[in-house]
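> need coordinates for the following:
(one chain, ligands or ions: 2)
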Amino acid sequence: MSLCDVIIASLPYVETQEPMMAPGLLKGVVHKANLSCRALDLNIEILHKINQYPGDSQTKVRRWFMYEENQSCPDTTAIITTLVEYAGIRIKEHAASWICLSLFCNTAKKFNILLCKWLRKNAPSSKIIIGGNAVFSNEQSQRPYARMLQRARLIDYFVVGDGEEPLYNILTGSVSGANIEDFQILNDLSIQPFGDYDDYNWQLYDRPRIPMYASRGCVRQCTFCDVHKLWKKFKLRNSDQVFEEMLYQINRTGITEFFFRDSLINGSISEFKKLMGLIADYNKSAKTPIKWSSFFIFRPQKQMPEQDWELAAQGGAGNLIIGVESLVDNIRYHMKKKFTNKDIDFGIEMAHKYNVNLVLLLIVGYVNETEADFQASLDWLEEHKQFAGKPIINISVGGTLTVTDLTDLYQNAQDFDIVLGDKIHLWENKKINLDYETRERRKEQFISRAIELGYPIVYDEKPVS
Ligand code: B12
Ligand code: SF4
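Ligands and ions are numbered 1, 2, ... in the order given. This next block holds a predicted model:
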């Protein structure tokens, strides 16, 4: 074990078999600051630790992270204490001057507080920086999380939003972009260093895939989403540079599969086609062709005709994860998704023909979903059952719609005929009798019908808090 200047670690809990991107990506930034660094994906390490406990304990621990449950259950508390200690020791053993903790989403917040307390006691001379999406404090969380930790002297710095520039600034002596609540945005994606995932233990993942990105932000402005409120502009990386980084990562790791973390890999059709052309050329003669997966959006046939699908397949398109969100045109239109059922049909036909897998993300019980609309969704499942398994390898319904505070739905609730509740999932549309119970009932019904028809499906039992 070697010592280093900076350690960056992802914290649990993210239910994923994929590596967390931030530690490896930010390691490149630390190197740019001429400091040595280790990047640990503690999320996957701790997921494996949790899996070693008996089933009942695992469930309790999972619920401790995801929901406000089992907070004072002695067994769960004992396991969490062991996990905090494990994380603390993994970090402390590198004796770094700087400890960077990455909190991917809100489900890392409680664990982070316990870990910071441990680190303050056991590694008192290290400076602690936190970053990641959970650090962005919103109106609903009511407490400025990072500020609170800073006041309690549990952390030294926090970064909200894109971390590359603020982290570099902190490490090189200025604090520009740190310790402020405003969401930081990277101005120029093309001058950022490549990620460095050398410290990741690839054996811990079911299927090793290198994290990659080609853009930040999104080209859509869906009513229920806040991505466009945070990244006010859609920003692209040059395709040549993305491809160059892919080759660089292949050379370093020998892994030829990638998972893009973009909101949409085909946000810009022209850059997407350029990237696919580069990979397709490479794949023609490669011993192991490149494959990639990503979030993706269906587009009308005239925007993305058959030859583009063929090129995407040659360019290594593996799993496309698509926020279809509703199977009914007028609901999807209301969400501002900007594609129709006809476009979905075309996309499915193309994916089927060119052997590309589709994962469809769906929201059951959107704000204007009537009982008739819900029935139409069930009909859609029936009418498309021949695609269950191929190309639709999964349908994901999450845990019914939550309304969070940066979204249009929240900010203009009245215009959308909804009344907000005291929890993100407890909103109601009284005009069409759409309350939480109705949505949950529809979700259950939808899941059962999908299973009956042979669709592989994943869902959360309730919305993640
Ligand atoms: C890919 C993705 C997933 C994947 C993650 C796979 C994986 N292994 O990484 C999956 C599908 C598993 C997932 C799940 C969920 N996700 Co998600 N996901 C994303 C997405 C699209 C990209 C995330 C990403 O990897 N970005 C690239 C990396 C590099 O970014 P990053 O980790 O944020 O790091 C950057 C900064 O945050 C910062 N940073 C990070 N760490 C640190 C540390 C320090 C010290 C510093 C200085 C900076 C810093 O610098 C980095 C580089 O700029 C984002 C939306 C988006 N477009 O960003 C949502 C997003 C992160 N997800 C979100 C949510 C809510 C979820 C779920 C809770 C959804 C749900 N209801 O179930 C679940 C998690 C449930 C759980 N706990 O298991 C929210 C988080 C909001 C919040 N404040 O919590 C986001 C922002 C989407 C949104 N707006 O709603 N997600
Ligand atoms: S839901 Fe997806 S497509 Fe819509 S704005 Fe958010 S990231 Fe973009």
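> remind me, longest helix of the chain?
Longest helix of the chain, by residue count under DSSP state H: helix 74-92.
> which strands and helices sit next to that one?
On a contact count with 3 or more C-beta pairs under 8 Å, 6 or more residues apart in numbering; DSSP states H and E, helix 74-92 meets strand 6-10, helix 42-51, helix 55-66, helix 109-122. All C-beta spots, glycine's among them, are computed from the backbone N, C-alpha and C.
> CA atoms of that helix as CSV?
What follows is helix 74-92, C-alpha atoms only, in CSV (Å, rounded to 0.1, in the frame of the first residue of the first chain):
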residue,chain,number,x,y,z
PRO,A,74,-29.6,-2.3,16.9
ASP,A,75,-28.6,-5.0,14.3
THR,A,76,-28.7,-2.5,11.5
THR,A,77,-26.8,0.1,13.5
ALA,A,78,-24.1,-2.5,14.2
ILE,A,79,-23.7,-3.3,10.6
ILE,A,80,-23.6,0.3,9.5
THR,A,81,-21.0,1.0,12.2
THR,A,82,-18.9,-1.9,10.7
LEU,A,83,-19.3,-0.5,7.2
VAL,A,84,-18.3,3.0,8.3
GLU,A,85,-15.2,1.6,10.0
TYR,A,86,-14.4,-0.4,6.9
ALA,A,87,-14.7,2.8,4.7
GLY,A,88,-12.7,4.8,7.2
ILE,A,89,-9.8,2.3,7.3
ARG,A,90,-9.7,2.0,3.5
ILE,A,91,-9.4,5.7,3.3
LYS,A,92,-7.0,6.2,6.3
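> is ligand 1 contacted by it?
No: Helix 74-92 is not in contact with ligand 1 by C-beta under 6 Å from any ligand atom; minimum separation 12.3 Å.
> could you check the angle helix 55-66 makes with that helix?
Using axes from the mean of the first three to the mean of the last three C-alpha atoms, to 10 degrees, the inter-axis angle of helix 74-92 relative to helix 55-66 is 70 degrees.
> so how far is helix 74-92 off the chain centroid?
Averaging C-alpha positions (C-alpha atoms, centre = their mean, to the nearest Å) puts helix 74-92 25 Å from its chain's average.
> same check, this time on stretch 161-173
Distance, centroid of stretch 161-173 to centroid of chain: 22 Å (C-alpha atoms, centre = their mean).
> that stretch and ligand 1 in contact?
Yes: against ligand 1, stretch 161-173 shows contacts by C-beta under 6 Å from any ligand atom at Asp162, Gly163, Glu164, Pro166, Leu167.
> what does the stretch 1-150 of the chain put close to ligand 1?
Contact residues, the stretch 1-150 of the chain versus ligand 1 (C-beta under 6 Å from any ligand atom): 13-16, 18, 20-22, 25-26, 100-102, 104-107, 129-134, 136.
> list the contacts of the longest helix of the chain.
With contact meaning C-beta atoms under 8 Å, 6 or more residues apart in numbering, helix 74-92 is reached by 7, 9, 11-12, 40, 42, 45-46, 49-50, 53, 57, 60-61, 64, 70, 99, 111, 114-115, 118-119, 122-123.
> still on that earlier bit, quick check: ChimeraX command selecting the buried ones in the residues of the stretch 1-150 of the chain next to ligand 1.
Buried subset of those, written as a ChimeraX selection, criterion 16 or more other C-beta atoms under 10 Å:
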select :13,14,18,20,21,22,25,26,100,101,102,104,106,107,129,130,131,132,133,134,136
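> among the residues of the stretch 1-150 of the chain next to ligand 1, which are located in helices?
Those of these lying in helices (DSSP H): Ala22, Leu25, Leu26.
> and the residue nearest to Val175 when sequence neighbours are not counted, what is it in contact with?
Nearest residue to Val175, sequence neighbours excluded (C-beta to C-beta, 6 or more residues apart in numbering): Asn169, at 6.4 Å. Residues in contact with Asn169, defined by C-beta under 8 Å, 6+ apart, are Val175, Ser176, Gly177, Ala178.
> for ligand 1, state which of those residues is nearest.
Nearest to ligand 1 among the contacts of Asn169 is Ala178, at 7.5 Å by C-beta to the nearest ligand atom.
> work out which residue lies at the spatial centre of this structure.
Closest to where the C-alpha atoms of the chain average out (C-alpha atoms, centre = their mean) is Arg261, at 7.0 Å.
> ramachandran angles for that residue?
The phi/psi pair for Arg261 (degrees, to the nearest 10) reads phi -100, psi 20.
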